[in-house]
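Visitor: Attaching a predicted model along with its sequence, questions to come.
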Amino acid sequence: MEITLAPRIPGDVHDILNFGMNLAHRECRSTDTFPKHSPTIFHDKHLDENYILKRVISLPMLLTDLLNFANELLESVKEFPKPSFPASATQCYPVNDLNADAIANHYQDSISEACCYLASHFALHSKAHRWRNVLSWTQLDDSRRCLFPLPRARAKRRLEEDHFVARKWSLVLLRNTPSVAIDVLTSDEQKTWKYLSDCSEKTELAVWDIFSCTMSSDYIFESIRNIAQKSTKEKTKIPWNRPNTKGFRIEHVPFNRCPDAIRTPWISESRRNIPVSVCQNKAYRCSEASDCNIGTSQLLPQKPVDIRPLDSMNKEHIDVGDEPSNISAWGEDYLQRAWARAVDIDATFIVFHRGTTEIICIRHRASQTLFISDIIETSANYYGKLQTALYAAILKDRAERQEIWERDHPPTAKVTAGKKRSFNHVESDNSGRMRKRRRSNSVGADPIKNTLRSPLTLKERCEKLELAIVSLNYSWQRSIIPSLFIRRKFEGREFLAPLSVQPVYPLASCLRIDVKSWIGRGTSGDAHRGTLYICSDEKQFEEVVVKVGRDDYSRQSMRHELQIYEHLARAKVQSVPHCYGFFEDIESKDSPYILITSYAGESLASIQRREYLVSNDPVVIPKSQHPAFLRSLAEVHAAGIHHRDLRSPNIVIDKNGKVSIIDFDLARPYITGQQRKHERKRMLKLLSGESVDYDRTTFRDGNCCDDCSPGTDHKTSEGGNGEEEPVRAYSEPPYTS
Ligand SMILES: Nc1ncnc2c1ncn2[C@@H]1O[C@H](COP(=O)(O)OP(=O)(O)OP(=O)(O)O)[C@@H](O)[C@H]1O
């Protein structure tokens, strides 16, 4: 009989496995409050089902499972590594300000780096003398969090939130091959390595939310634990608001999800709680409508996006007392956000860490369930072992899921170019239908068809329609049920009448708008691109821009913009988009307002940016093309409109070369000759690639424009007697912004 002696664990490995975090915890600062809680808003109602956490289950056994897994790994190790490990910091951490980043740095230095080495060794190449690390716990590039220029107040709030929770850390897979002959590895290790090699460089493997070490984060952790315990006991589902729109038949179209690992031991316990229907290994097809996406597919974003499905940034700060019972909603919020991030990077493990305590969660994709451990004390002397097991589990889980995926999707010899489906890009089931419709009715693409079908007819027909049915289909937004918006009209500065909604609208009286991409964010809201048609007639449609605003400021500026567009339409100005109207969501007063205009092409800013990337030189528009730009501006001026925000994002050019001026939220309905000259000069500067911006630091009255130096008055600066009669667009008192 062969007797295998347990290997002697070297001292440095022993130190890591028996590491307990030593973090002195001071009283929280008096100013410490929760970041804003974010109730469900319009965009949340249109979230892709995959991004919604449906239930949570408490899994107290997770800790034991992971420690047992660590023991199994240790037993299987034939030789322990002999490199010099990053030392685990055992000294007490200075606690001046335990903000989220300080906690993250401490976790990284004290234990994470060492665990990356150990877990790589145990899970991948336990027999090799010389080996490399394949894991790195890293702060990710922060640039994706600042995609949009934020107004100062929102940027400040974001900073406050960053202070409380850092979301930019993750475990990353490195693609350097281990310097070890592959035949030294056991067959299991070879398999794991093969499947991990198929992942791309710097694949994010798990989600970490690192909290500041304060009383508030302590409350949040308790809240998470309580939510898990309560919903496990009562078998509750997390409720999710949807639009209340009636009369839309919801079709249940099952689809294949990315797989969940099944054999992994650490979810053996959890599997008992997952409904059998969604736990079958084979195809991960959802079987009940309530448990899966309806009519949608798993479409992972192509570009990294800042996932904030619960848009707390736009919500009022809600202070809570020190009562932990008040804060269950906060815990749910953080769980939901972490779930959404995990969906985005297709991660199974989510870790909440706050220095002295930690919670580990496992995401089950098919049932959209999160299994939640108890609160783990990081000072326990098995914490190092637990983290090593966690990292190895994450690696194994990734490899196993890749194995399942490749088994279920064997490479087909013949893949037609352009039809290849990538791992993370599955087309939505109705996209083919939409493409077909667009091909056969490509208004805008074919000028002959345009004239035959006269887009004006659609515009004219739309003028009388009161109801707009809006659904979102881009990035993580994928409406199951559309929202209803009702047309709003104004008299002077106020709404003409209170919102009145009829019980039933015939399809022929409804506009339908499919929002399909995000264009940009301005001061009055987000601009999206979409397709507009009338419900009863899908044959005619037009590309539109839908500006979505939520607050009072955006309502005011959209109202003003609508008024200017209406005037320009009456004056038959051709060089501006057609405005379809201003609509309001009928569901609640928190819901947004939308302003719909026709899509008028790509902005000068975006063309110049694109060209600049190629040539690296400021982009100059050829002189021969200047008249088209100047004519468009002159047309607007001739109608008595002073734009006052003439910048390259607000000049758009369609594919036939037609130049339009957009964005009239700052415009004034009267203009002097001097102001006209100034805007013309500004246009020429923009065309020659000069970057010109407005000085909005001083208040300008109607006699000045923002291009004048402060103190200049058009009336007095004019030659002759200085008198100049402004052209008035309409006889309202001048609008002051
Ligand atoms: N009708 C349109 N056609 C083409 N692109 C458009 C249209 N309307 C808006 N856009 C694009 O969307 C972006 C944002 O829209 P817009 O500038 O109107 O928003 P805003 O909130 O008024 O912004 P701002 O801060 O400039 O006032 C614009 O820069 C432009 O590129």
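Guide: Yes, it's here. Residues are numbered from 1 along each chain as shown.
Visitor: what about the stretch 401-550 of the chain, any weak spots by pLDDT?
Guide: 412-456, 491-498 (pLDDT under 70).
Visitor: and it, which of its residues are near the ligand?
Guide: Where the stretch 401-550 of the chain comes near the ligand, counting by Cβ under 6 Å from any ligand atom, the residues are 519, 520, 522, 523, 524, 525, 527, 545, 547. For every residue, glycine as well, the C-beta is placed using N, CA and C.
Visitor: tell me which of those residues is nearest to the ligand?
Guide: residue 522 (1.7 Å; Cβ to the nearest ligand atom).
Visitor: Just give me the neighbour total for that closest one.
Guide: Burial measure for residue 522: 18 neighbouring residues, criterion other Cβ atoms under 10 Å.
Visitor: Quick one: buried ones out of the residues of the stretch 401-550 of the chain next to the ligand?
Guide: Neighbour counting with 16 or more other Cβ atoms under 10 Å marks 519, 522, 524, 525, 527, 545, 547 as buried within these.
Visitor: what bridges to the fifth one?
Guide: This means residue 527. Per DSSP bridges, the residues bridged to residue 527 are residue 520, residue 547.
Visitor: how near is it to residue 545?
Guide: 6 Å (Cβ to Cβ, to the nearest Å).
Visitor: so what's in contact with these two at the same time?
Guide: residue 519 (Cβ atoms under 8 Å, 6 or more residues apart in numbering).
Visitor: re earlier: would you format the residues of the stretch 401-550 of the chain next to the ligand as a markdown table with distance to residue 47 included?
Guide: Shown next, in a markdown table, are those (distance: Cβ to Cβ, whole Å):
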| residue | distance to residue 47 |
| --- | --- |
| 519 | 20 |
| 520 | 21 |
| 522 | 23 |
| 523 | 25 |
| 524 | 24 |
| 525 | 19 |
| 527 | 20 |
| 545 | 22 |
| 547 | 21 |
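Visitor: Which of the buried ones among the residues of the stretch 401-550 of the chain next to the ligand sits closest to residue 678?
Guide: When these are compared for distance to residue 678 (Cβ to Cβ), residue 522 wins out at 22.3 Å.
Visitor: Using the three-state scheme, assign the residue nearest to that closest one when sequence neighbours are not counted.
Guide: Nearest non-adjacent residue to residue 522, counting by Cβ to Cβ, 6 or more residues apart in numbering: residue 663, 7.0 Å away. At residue 663 the chain is in coil, as set by DSSP: H, G, I helix; E, B strand; the rest coil.
Visitor: For residue 663, which residues are in contact?
Guide: 522, 561, 645, 649, 650.
Visitor: Let's see the pLDDT reported for the second one.
Guide: In this case it means residue 561. Looking at residue 561, its pLDDT is 93.
Visitor: can you tell me which residues contact it?
Guide: 524, 579, 595, 663, 664, 665, 667 are the contacts of residue 561 under Cβ under 8 Å, 6+ apart.
Visitor: change it to 6 Å
Guide: 664, 665 (Cβ atoms under 6 Å, 6 or more residues apart in numbering).
Visitor: next one: the fourth one
Guide: Residue 649 makes contact with 603, 605 under the criterion Cβ under 6 Å, 6+ apart.
Visitor: Going along the chain, name the strands of the stretch 601-737 of the chain.
Guide: Here the stretch 601-737 of the chain has its strands, by DSSP state E, counting those that start in this stretch, at 602-603, 651-653, 659-661, 670-671, 727-728.
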